[in-house]
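for reference, the sequence and a predicted model appear below.
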Amino acid sequence: MARRRRENSGEEKVTIKGRLSFEDKYTLAKLLYTMRLFRDAVEMSHRLLRKEGLEVNEVVKRVTRFINNAQYAYSAVKRALMYLEQEKVNLRKPQLYSIGRGCEKGNRNIRLIAIDRVKIKIPHADGNHEWVEAKVKFSSRHIALVNELIQLAEKGLPYSASVVLNDNKYYLHIHLSLELYAKHTAKTRVTTKARLIAGFDINSDRICMVIVDSNGRIRDVRNEHFSEVILAGFSRNKARDLRLKALSKLIDYACHHNVKYFVFEKIGNIPKRKMRSKRASRKVSKFAHNELLNHAKVMVKKKRGIFIQVSPAYTSIDAIPLARRLGLDIHTTSAYLLAIRASNL
């Protein structure tokens, strides 16, 4: 039964992308037609799921009759489920997506056949589907990764794939397991002798890290500040880049200093509310906490560390008197308290 499995969408996934190029415009026209057909299938799936309240299996059957490919139909329904909370879906760009399938050399419809070649299935109404080929160019650092993925797919490893149109350029997105990605990309890794714990307090203008041992003694303190990101008019993309680089720098530093456990706050959605000042409102609006947590989770797993999330309840309150005794600021003390809580688990 394992040979027939579809890719488990609940697993942590990483996406790598390559640039697509086509030998002739006729092949490109076929692909663009399929992408538009798939986009319509996603919108149709959303309507059947939300407005008509049909079960997923029934929706897959109806969409299959529309696109005439069961795997594309199943993938379209899965994509529509992502938008289920929205009242209406109106997708502007054509798209194509196919969930991995182990018994079909990794993927039934979008299949890597070499590190620089991909086959894409074009469905036809009469059932005589055809394959079109395209060249794909991945980053040099992903060549070995793609080569191993192809070999594993031959043995039954499923992987999902997408074709994306962006700025009139076509890209192939391959969605693969975090473990396989980490095997080929992680430069700095947690050593087998690592035993220390690092607590991270993430804020809109800084990230604070405190490293402690199992007895709660502070071994090191490191902070990364980026106060310019909360200034009026500062680019959101640049702010995101600065935060992610700062977080990566701290995680790398922790790996070099025998940290095994990486502790972060467990926070839900930050409620939108009116703040006391424009500056405070701007800090909250520019703060993408979940994005940083997701990045941290991927980074830690790449480096073979242990990612832990603990409740941040009362850390800010407890940090005020403790900060004076430790000689640290409140945010750094909050990072220390998170590390201590994890050491007591």
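Alright, I've got the coordinates.

residue 92 belongs to a strand?
No - according to DSSP: H, G, I helix; E, B strand; the rest coil, residue 92 belongs to no strand; its state is coil.

in terms of secondary structure, what does the helix or strand hosting residue 249 contact?
For residue 249, the host element (DSSP states H and E) is helix 236-256. In terms of contacts (3 or more Cβ pairs under 8 Å, 6 or more residues apart in numbering; DSSP states H and E), helix 236-256 is packed against strand 196-202, strand 206-212, strand 218-225, helix 289-302. Every C-beta, even on glycine, is put in place using the N, C-alpha and C of the backbone.

so which elements touch the third one?
So the one you mean is strand 218-225. So strand 218-225, by 3+ Cβ pairs under 8 Å, 6+ apart, packs with strand 206-212, helix 236-256, helix 330-343.

and those, which one averages the lowest pLDDT?
Among the helices and strands packed on strand 218-225, helix 236-256 carries the lowest mean pLDDT, at a mean of 88.

just the CA trace of that one, in PDB.
Output in PDB follows, covering the C-alpha atoms of helix 236-256 (Å, rounded to 0.1, in the frame of the first residue of the first chain):
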ATOM      1  CA  ARG A 236       8.300  46.000   4.300                       C
ATOM      2  CA  ASN A 237      10.500  43.700   2.100                       C
ATOM      3  CA  LYS A 238      13.700  45.300   3.500                       C
ATOM      4  CA  ALA A 239      12.400  45.000   7.000                       C
ATOM      5  CA  ARG A 240      11.600  41.300   6.400                       C
ATOM      6  CA  ASP A 241      15.100  40.700   5.000                       C
ATOM      7  CA  LEU A 242      16.800  42.400   8.000                       C
ATOM      8  CA  ARG A 243      14.700  40.400  10.500                       C
ATOM      9  CA  LEU A 244      15.300  37.000   8.800                       C
ATOM     10  CA  LYS A 245      19.100  37.700   8.500                       C
ATOM     11  CA  ALA A 246      19.300  38.700  12.200                       C
ATOM     12  CA  LEU A 247      17.500  35.500  13.200                       C
ATOM     13  CA  SER A 248      19.700  33.400  11.000                       C
ATOM     14  CA  LYS A 249      22.800  35.000  12.400                       C
ATOM     15  CA  LEU A 250      21.700  34.200  16.000                       C
ATOM     16  CA  ILE A 251      20.800  30.600  15.200                       C
ATOM     17  CA  ASP A 252      24.200  30.100  13.500                       C
ATOM     18  CA  TYR A 253      25.900  31.600  16.600                       C
ATOM     19  CA  ALA A 254      24.000  29.300  18.900                       C
ATOM     20  CA  CYS A 255      25.000  26.200  16.800                       C
ATOM     21  CA  HIS A 256      28.700  27.200  17.100                       C
END
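
quick check: buried residues in it?
In terms of neighbour count (16 or more other Cβ atoms under 10 Å), helix 236-256 has its buried residues at 239, 240, 242, 243, 244, 246, 247, 250, 251, 253, 254, 255.

ok now that helix, how far from the chain's centre?
16 Å (Cα atoms, centre = their mean, to the nearest Å).

contacts for that helix, please.
188-191, 194, 196, 198, 200, 202, 207, 209, 211, 222, 224, 226, 228-230, 262, 286, 288, 291-292, 295-296, 299-300, 303, 305 (Cβ atoms under 8 Å, 6 or more residues apart in numbering).

select only the buried ones of those residues in ChimeraX?
Command for ChimeraX that selects the buried part of the contacts of helix 236-256, burial taken from 16+ other Cβ under 10 Å:
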select :190,194,196,198,200,202,207,209,211,222,224,226,229,230,262,286,288,292,295,296,299,300,303,305
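
what residue ranges in the stretch 1-150 of the chain score low on pLDDT?
For the stretch 1-150 of the chain, applying pLDDT under 70 flags the ranges 1-12.

okay, helices next: where are they in it?
25-50, 56-67, 70-81, 143-154 (DSSP state H, counting those that start in this stretch).

show me what counts as buried in the first one.
In terms of neighbour count (16+ other Cβ under 10 Å), helix 25-50 has its buried residues at 28, 30-32, 34-35, 37-46, 48-50.
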